[in-house]
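Colleague: Give the three-dimensional model of this entry:
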Amino acid sequence: MADESMGAGAISGMITGVVSLLTVIGGAFAFLIRQRSADKASREAKLDKWHHELSARERALDEGRTAFTERLSDRLEELERKDTARDVQMRALRVAFELVSAALRERDPMHHALGLADEMLKQAFPVHPATPADMVRQLVAIEEQTGGGA
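Modeller: Below you'll find the predicted structure:
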């Protein structure tokens, strides 16, 4: 019988060992599951934070782009207004010079300064390519009659 009680004790010890082993394995699995859940929660929190930061950056960039575009548009409108005003001024200056130089050419048709000024204006204000041919012929005829500006 001594063998039988040893067998029961051994079986009892084995059962206790198996239960202990299963408890340790279950605890390890529980730890791993909790760890993975914590890692997943941490990863999701980091992704949410990153997503919010990225959204904020995109909004800031969009606002900056919009403000920049509006400033460019305002500046372009201002430059176009100034350019139009300068075109009007330059046309007036050209006509005024032609009127004054015509009067001066009658007094001194060979005056060097008038010739230089006329050449400078011809370079600055060439005949536009869309000018009708008959108008170009008339301009040439007028220039020939006035002595070519020199």
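Colleague: Going by C-alpha atoms from here, please, whenever you check contacts or count neighbours.
Modeller: Noted.
Colleague: Tell me the spacing between Ile15 and Leu121.
Modeller: Computed as CA to CA, to the nearest Å, the Ile15 to Leu121 distance reads 114 Å.
Colleague: repeat for Leu22
Modeller: Distance from Leu22 to Leu121, by CA to CA: 104 Å.
Colleague: and if you look at Ala102?
Modeller: Plainly put, Ala102 is 14 Å away from Leu121 if you go by CA to CA.
Colleague: for Gln138, same thing?
Modeller: 18 Å.
Colleague: next one: Leu79
Modeller: Relative to Leu121, and taking CA to CA, Leu79 is found at 24 Å.
Colleague: now do Phe29
Modeller: Phe29 is 94 Å from Leu121, by CA to CA.
Colleague: Likewise for Arg107?
Modeller: 21 Å.
Colleague: quick one: which of the two has more around it?
Modeller: Leu121 (14 against 10; other CA atoms under 10 Å).
Colleague: Would you mark the buried spots in the host helix or strand of the more buried one?
Modeller: When elements are assigned from DSSP states H and E, Leu121 belongs to helix 112-124. Within helix 112-124, the residues scored as buried using 16 or more other CA atoms under 10 Å are 114-115, 118.
Colleague: Report the angle between the host helix or strand of Glu58 and helix 112-124.
Modeller: Using DSSP H and E, Glu58 falls within helix 2-107. Here the directions of helix 2-107 and helix 112-124 differ by 140 degrees (axes from the mean of the first three to the mean of the last three CA atoms, to 10 degrees).
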